[in-house]
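Student: got a predicted model here, sequence first, then my questions.
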Amino acid sequence: MKITVLSGGVGGARFARGLRALVPTAGITVIANTGDDMWLHGVRVCPDLDTLMYTLGDAVHEEQGWGRRDESRRTSDDLAAYGLGWEWFTLGDLDLATHLARTELLRGGLPLSQVTARLAERWAPGVTLLPMTDDEVETHVLTADGRDLHFEEWWVRHRAALPAARFVQTNLATATPAPGVLAAIADADVVVVPPSNPVVSVGTILAIPGIRDALRTTAAPVVGISPMIGGAPVRGMADACLTAIGVETSALAVARHYGRRPDGVLDAWLVDDRDADAAHALESEGWAAGSANTLMTDVPTTARIAADALALVGALP
Ligand code: GDP
Ligand code: CA
């Protein structure tokens, strides 16, 4: 069985880990958002790819959801002593090794997809990890007061508190999906949109020319899981992103934002039990929809959520 997942960082990574536990023999491909990537101190940082790699490689800082367990910050503290660096963005010592390794391989001429595969060898994630594109597409936030900030600066430094007017992706027009991305969608038995940020994680992946069409036309069913529970994000500030694009923060509104195929990208939508009304509304519109517990508290619970999602489209092995 071949399962393809479109993922941001923490939400997508936790879901992928539960899915892997549910169907350990499946061929799982995770297509990761790389719009949050940036150059810092001359090294390439790929937050969502790293969160996936560490989570699936059993090295993640579990409570934090991202970064390495047993991390230290001696290097970034020492950079600060020179008056350099960004006090708002932490580069842990162990994490920095990942960025240095990635940068060395990129400088050696490898595309990000091959670099990602090379770094993942060490972590044995049990899935094929693909960046959405090898091109440097970065999400920027145009704020209501006229600033143009890298997404991570808006998110981490300003805690998404500066009202966003628009999200734009650099280099989008010339970007192409990374090798393997379109085939992973076309050849899948089922495609899953996990609980990830619908605007700056999944939305960015869908914006890469060709990916949205691949979802519309794949023979595989496409099922999503709501990242909103009871009208609020579970973690993070996705509500600030949704507000900026004029979408209400609710399980129902996010489903409608993705849309139902063939015009949209989904066939089915799993919401939390607290939002069962949304499932009923969607069902009456012809969606396959259902409700369940969707809080990914641990791996067995998350495996159960993955099973509930696959069952909605009859893809539970
Ligand atoms: P990021 O790149 O680290 O922000 O991670 P993602 O884009 O993958 O996921 C962020 C989204 O996942 C947020 O909108 C959260 O509301 C959602 N999320 C996180 N944990 C859970 C959970 O346990 N259950 C559900 N349903 N959504 C979650
Ligand atoms: Ca992210």
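Tutor: Thanks, I have the structure now. Ligands and ions are numbered 1, 2, ... in the order given.
Student: for the residue of the stretch 1-150 of the chain found nearest ligand 2, give its distance to A268.
Tutor: Using C-beta to the ion, the closest approach of the stretch 1-150 of the chain to ligand 2 is made by G9 at 3.8 Å. To be clear about C-beta, it is placed using only N, CA and C from the backbone, and glycine gets the same treatment. G9 is 24 Å from A268, where distance means C-beta to C-beta, to the nearest Å.
Student: between these two, which is the more surrounded one?
Tutor: Each of G9 and A268 has its neighbours counted (other C-beta atoms under 10 Å); A268 has more, 27 against 24.
Student: residue contacts, the more buried one?
Tutor: When the contact criterion is C-beta atoms under 8 Å, 6 or more residues apart in numbering, the partners of A268 are P221, V222, V223, G224, W287, A288, A289, G290, A309, L312, V313.
Student: what parts of the protein come near ligand 2?
Tutor: Contacts of the chain with ligand 2, taken as C-beta under 5 Å from the ion, map to G8, G9, D36, D48.
Student: show me what the helix or strand bottoming out on mean pLDDT in the chain is packed against.
Tutor: Ranked by mean pLDDT, DSSP states H and E, the weakest helix or strand in the chain is helix 74-81, scoring a mean of 90. Judged by 3 or more C-beta pairs under 8 Å, 6 or more residues apart in numbering; DSSP states H and E, helix 74-81 is in contact with helix 93-107.
Student: average model confidence for the following helix or strand past the helix it packs on?
Tutor: Heading C-terminal from helix 93-107, the first helix or strand you meet, by DSSP states H and E, is helix 112-123. Taken as a whole, helix 112-123 has a mean pLDDT of 98.
Student: correct me if wrong: T139 contacts D36.
Tutor: Yes: under the criterion of C-beta atoms under 8 Å, T139 makes contact with D36 at 6.4 Å.
Student: shared neighbours of these two, anything?
Tutor: Common contact partners of T139 and D36 (C-beta under 8 Å, 6+ apart): F151, V200.
Student: sorry, back to before: next, format the contacts of A268 as JSON lines and append pLDDT, neighbour count and secondary structure.
Tutor: Output for the contacts of A268, formatted as JSON lines (pLDDT from 0 to 100; neighbours: other C-beta atoms under 10 Å; DSSP: H, G, I helix; E, B strand; the rest coil):
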{"residue": "P221", "pLDDT": "98", "neighbour count": "20", "secondary structure": "coil"}
{"residue": "V222", "pLDDT": "98", "neighbour count": "25", "secondary structure": "strand"}
{"residue": "V223", "pLDDT": "98", "neighbour count": "26", "secondary structure": "strand"}
{"residue": "G224", "pLDDT": "98", "neighbour count": "26", "secondary structure": "strand"}
{"residue": "W287", "pLDDT": "98", "neighbour count": "21", "secondary structure": "coil"}
{"residue": "A288", "pLDDT": "98", "neighbour count": "19", "secondary structure": "strand"}
{"residue": "A289", "pLDDT": "98", "neighbour count": "27", "secondary structure": "strand"}
{"residue": "G290", "pLDDT": "98", "neighbour count": "20", "secondary structure": "strand"}
{"residue": "A309", "pLDDT": "98", "neighbour count": "29", "secondary structure": "helix"}
{"residue": "L312", "pLDDT": "98", "neighbour count": "24", "secondary structure": "helix"}
{"residue": "V313", "pLDDT": "97", "neighbour count": "20", "secondary structure": "coil"}
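Student: what separation do you get for the closest residue to D308 other than its chain neighbours and I3?
Tutor: What sits nearest to D308 in space, not counting adjacent residues and going by C-beta to C-beta, 6 or more residues apart in numbering, is A292, at 4.2 Å. Plainly put, A292 is 18 Å away from I3 if you go by C-beta to C-beta.
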